[in-house]
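**Q** structure of the sequence below:
(one chain, ligands or ions: 1)
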Amino acid sequence: MEWFAWDFDHPAYFQIYADKAADAASEGPALAARLDLPPGSVVLDLPCGWGRLHPHLQAQGLEVVGGDLSRLNLRRHAAEHPAPLTRLDLRALPFRGACADGVFCAYTSWGYFATEAENLRQLTEFARVLRPGGVLLLDLAGRNFLKEAVAEVEGHWLVFPEEGYEERATWSPDGRRIRTERRCQGEAFRHDIWIPTNTEVRAALADAGFGLVTAFGGLDGRPWTAAAERWIYRAIRK
Ligand SMILES: C[S@@+](CC[C@H](N)C(=O)[O-])C[C@H]1O[C@@H](n2cnc3c(N)ncnc32)[C@H](O)[C@@H]1O
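**A** Residues are numbered from 1 along each chain as shown. I've put the predicted structure just below:
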């Protein structure tokens, strides 16, 4: 089984990432502002997770459709934020071409696949479902910031007693992927995510069919810097 089919589809995921529910109050409005589409626009929230950002997209008058691989996340989304939802794989979207004005890809939800071809496939699928001139918002972890943050703790198990889990982060030998092992609820998990450079992100966006790219270095829309914690790309479908 691919790691993401296990890690995100387990109740432990909601325990480990419990603080992301509260973070949505600041992340949601800020990311919706960076997406910057007029009311009535059709936006695909991919992947939508449990829908924590959904109310903030809806508050902008956007017509939001969510998609995710995890049945558990989709069930929670349906219960807490009813919306049109589809179970899907990001490599083969079940939508017709040019059906959307926007694709909203929040919180480091790219780079999960083992090969470059599959990760590019996710972006070409985003491009396919967007109309020409449509907008992709791609919200990623800043690689340099993450490198520094992990440097001091790499390879060490960190214990979070209140949250009830422990974790250990290591970079792959080639330095391209971050692997985060976690133990929670008696089970073992292992995220394995490609963390691209800015050059790699831009090259992949261009290869997938995106033209003009604006990059931000934070939720408040400040300009991109190499050191920023978040790299947020707003790319226009050619
Ligand atoms: C870090 S969460 C982000 C969810 C949401 N964007 C948010 O900000 O809360 C990543 C999500 O990607 C979903 N996912 C992982 N691999 C996927 C795949 N191959 N196809 C579709 N969804 C996938 C997971 O189930 C999980 O809900």
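**Q** which one is the residue nearest the centre of the chain nearest to, not counting chain neighbours?
**A** Taking Cα atoms, centre = their mean, the centroid of the chain lies closest to S109, which sits 2.4 Å from it. Leaving aside its sequence neighbours, S109 sits nearest to P47 (Cβ to Cβ, 6 or more residues apart in numbering; 5.3 Å). Using the backbone N, CA and C atoms, a C-beta is placed for each residue, glycine as well.
**Q** list the contacts of the one you found.
**A** 67-69, 73, 90, 105, 109 (Cβ atoms under 8 Å, 6 or more residues apart in numbering).
**Q** distance of it relative to F8?
**A** Separation of P47 from F8 (Cβ to Cβ, to the nearest Å): 8 Å.
**Q** what residues are shared contacts of these two?
**A** In contact with both P47 and F8: 69, 73, using Cβ under 8 Å, 6+ apart.
**Q** count the neighbours of L35 for me.
**A** L35 has 23 neighbouring residues, counting by other Cβ atoms under 10 Å.
**Q** got the phi and psi for the nearest residue to it once chain neighbours are set aside?
**A** Leaving aside its sequence neighbours, L35 sits nearest to L137 (Cβ to Cβ, 6+ apart; 4.5 Å). Backbone dihedrals for L137, given as degrees, to the nearest 10, come out at phi -110, psi 120.
**Q** selecting buried members of the contacts of P47 in ChimeraX, what would you type?
**A** Restricted to buried positions by 16 or more other Cβ atoms under 10 Å, the ChimeraX selection for the contacts of P47 reads:
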select :67,68,69,73,90,105,109
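**Q** sorry, back to before: burial count for the residue nearest to L35?
**A** L137: 21 neighbours (other Cβ under 10 Å).
**Q** now do it, the pLDDT please.
**A** Listed pLDDT for L137 reads 98.
**Q** who are the contact partners of it?
**A** 31, 34-35, 102-106, 232-234.
**Q** likewise for A141?
**A** Shown in contact with A141 (Cβ under 8 Å, 6+ apart): 108, 195, 229-231.
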